[in-house]
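Asks: Just the structure for this:
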Amino acid sequence: MSPAPSTDALDRLGLATGVSAYLLWGMLPLYFPLLQPAGAVEIIGHRIVWSLVFCLLLLAVTRGWGPFRTVLRSPRTLALLFAAATLLAVNWLVFVYGVLSGQVVDAALGYFINPIVTVALAVVVLHERVRPIQWVALGIAATAVVVITVGNGRLPWIALAVASTFGVYGLLKNRVGRTVGAIPGLAVETLVLAPAALAYLVVLEARGTGSFGSSGGWHAVALAASGVVTAVPLLLFGTAARRLPLSVLGMLQYLAPVLQLVVGVAVLHEPMPAARWAGFALVWVALVILTVDGVHTHRHQARDAHHALPLAEASDVPDVASGRDANASSPSSPPDQDEGALA
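Replies: As a prediction, the model looks like this:
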């Protein structure tokens, strides 16, 4: 029997796969322009169809049909994933439109403010109590939007749309729970969207306005590769989420928008006036506040759980009837994450 891998080895693999996932998501602004002359809607249509094809192939290779069928047999889970898929498609569409229209920086801003939008959704939708320091972060983020709007003379609607659609998408996926893995989940989400996407692509080709069969073989391959481009980062993220603490994943999530910002400014030469830099700076301040508060709260909860554990061991009677080990799951250990789908 081969020895089990060490914790350090697992951490290194988790870090490598996590960084790779977010770097790939960060490089997407360089990929989508290669798909022109296809427009944003056509690209999303192909992305949905080819993602479904690739996910089905993965399910066949990994023999993962069980979870896939389980989701299809659950009306509640299917309804939640249908709503999530609709939001994901809108998120993809807005992001791709932003890239093709020269607004990569605004799209990156959307993913920067997504954690802040998540806190706002927790207040508005889930009626959760927010700590005073979190209110400060929300206020700073709102100020950032005002600064960018006044400075640029227009509302950064792409950033707000990207952040809000992805935030609500995450909320719905949270309702689904962690029983649905990344690939079965993406397979179901693309499955419910595929009929509309395929019908749209067929109509485009019938009218002669589609680009799949008229822009060369390499262009067709690039469009079909959108399924791989969508699913591979998900697989990498799924591996990282099982091996890294949530605090590390929380830090890694900023790699994608940082890289998108660099691509937008340094590679695509999008303008960055002073007002936009000021707005980004305010957003980064808000994120630092949220991150520090989150790390402090997590450590405090872990310390309380650690101190409470000896008392529980001394006073609790083992649950012999159910065979449950009271120490099988430590309150301080981070839960698994199976989902993650940036644009």
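
Asks: wait, what's in contact with the residue nearest to Ala240 when sequence neighbours are not counted?
Replies: In this structure, Ala240 finds its nearest non-sequential neighbour in Gly18, 3.2 Å apart by C-beta to C-beta, 6 or more residues apart in numbering. Any C-beta I mention is one placed from the backbone N, CA and C, and that applies to glycine too. For Gly18, the contact set (C-beta atoms under 8 Å, 6 or more residues apart in numbering) comprises 236-237, 240-241, 244, 248-249, 252.

Asks: same deal with Tyr31?
Replies: Counting by C-beta under 8 Å, 6+ apart, Tyr31 has contacts Val229.

Asks: Convert the C-alpha atoms of the helix or strand harbouring it to CSV, please.
Replies: Assigned by DSSP states H and E, Tyr31 belongs to helix 28-31. Provided in CSV are the C-alpha atoms of helix 28-31 (Å, rounded to 0.1, in the frame of the first residue of the first chain):
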residue,chain,number,x,y,z
LEU,A,28,-10.6,35.2,-20.7
PRO,A,29,-10.6,38.9,-22.0
LEU,A,30,-7.8,37.7,-24.4
TYR,A,31,-9.8,34.7,-25.6
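
Asks: send the alpha carbons of the following helix or strand past that helix over as CSV?
Replies: Scanning forward in sequence from helix 28-31 by DSSP H and E, the next helix or strand is helix 40-62. Written as CSV, here are the backbone C-alpha positions of helix 40-62 (Å, rounded to 0.1, in the frame of the first residue of the first chain):
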residue,chain,number,x,y,z
ALA,A,40,-21.7,38.3,-27.8
VAL,A,41,-25.0,36.5,-28.1
GLU,A,42,-23.6,34.0,-30.6
ILE,A,43,-20.6,33.4,-28.5
ILE,A,44,-22.7,32.7,-25.4
GLY,A,45,-24.9,30.3,-27.5
HIS,A,46,-21.8,28.3,-28.5
ARG,A,47,-20.5,28.4,-25.0
ILE,A,48,-23.6,26.9,-23.6
VAL,A,49,-23.9,24.2,-26.2
TRP,A,50,-20.2,23.2,-26.2
SER,A,51,-20.0,23.3,-22.4
LEU,A,52,-22.8,20.9,-22.3
VAL,A,53,-21.1,18.6,-24.8
PHE,A,54,-17.8,18.7,-22.8
CYS,A,55,-19.5,18.2,-19.5
LEU,A,56,-21.4,15.1,-20.8
LEU,A,57,-18.1,13.7,-22.1
LEU,A,58,-16.6,14.2,-18.7
LEU,A,59,-19.5,12.6,-16.9
ALA,A,60,-19.2,9.6,-19.3
VAL,A,61,-15.4,9.3,-18.7
THR,A,62,-15.7,9.7,-14.9
